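**Q** next input, structure requested:
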Amino acid sequence: MNSTASAGNHFRVRIPDWKPEDDGKGSQQVFFQSEIPDRQGLDITSFSGGELYVGGWGGVPEELPELAEDVRAQPGEIESIKAVAKRYLRVPEDE
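**A** This is a model prediction of the structure:
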């Protein structure tokens, strides 16, 4: 199965300086591709409670395991997502 066009890799992270009043600003979502190697898609979505979803990044093609519960994230792809998101969100390299 070629999963490169699917949202196979993602993560959620808590915004460190979030405050309850920030929820009044609503949710925001950004989709972009121009900054992404190999034209991978990526979206960053804010949620109430100070969480960000970062995903929409297709996976490296691989054989599916027999059971769905055996599907795992691809650590190398997660690191790539983190690097792009950190640049876009201007997160210092050591954070």
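**Q** quick one, what contacts residue 23?
**A** For residue 23, the contacting residues are 48, 49, by Cβ atoms under 8 Å, 6 or more residues apart in numbering. For glycine as for every other residue, the C-beta is placed from the backbone atoms N, C-alpha and C.
**Q** I misspoke; the intended subject was residue 43.
**A** Taking Cβ under 8 Å, 6+ apart as the test, what residue 43 contacts is 29, 30, 31, 32, 53, 54, 55, 56.
**Q** give the rounded mean pLDDT of stretch 30-47.
**A** The average pLDDT within stretch 30-47 is 76.
**Q** my bad, should have said stretch 51-61
**A** 83.
**Q** could you count how many residues lie near residue 84?
**A** 19 (other Cβ atoms under 10 Å).
**Q** swap in the one 5 residues further on?
**A** Counted with other Cβ under 10 Å, the burial measure for residue 89 works out to 13 neighbours.
**Q** now list the buried members of the contacts of residue 43.
**A** For the contacts of residue 43, a burial check counting by 16 or more other Cβ atoms under 10 Å picks out 53, 54, 55, 56.
**Q** residue 51 contacts residue 22, doesn't it?
**A** No - using Cβ atoms under 8 Å, residue 51 is not in contact with residue 22, being 11.2 Å away.
**Q** okay, and the common contacts of the two?
**A** Counting by Cβ under 8 Å, 6+ apart, the common neighbours of residue 51 and residue 22 are residue 15.
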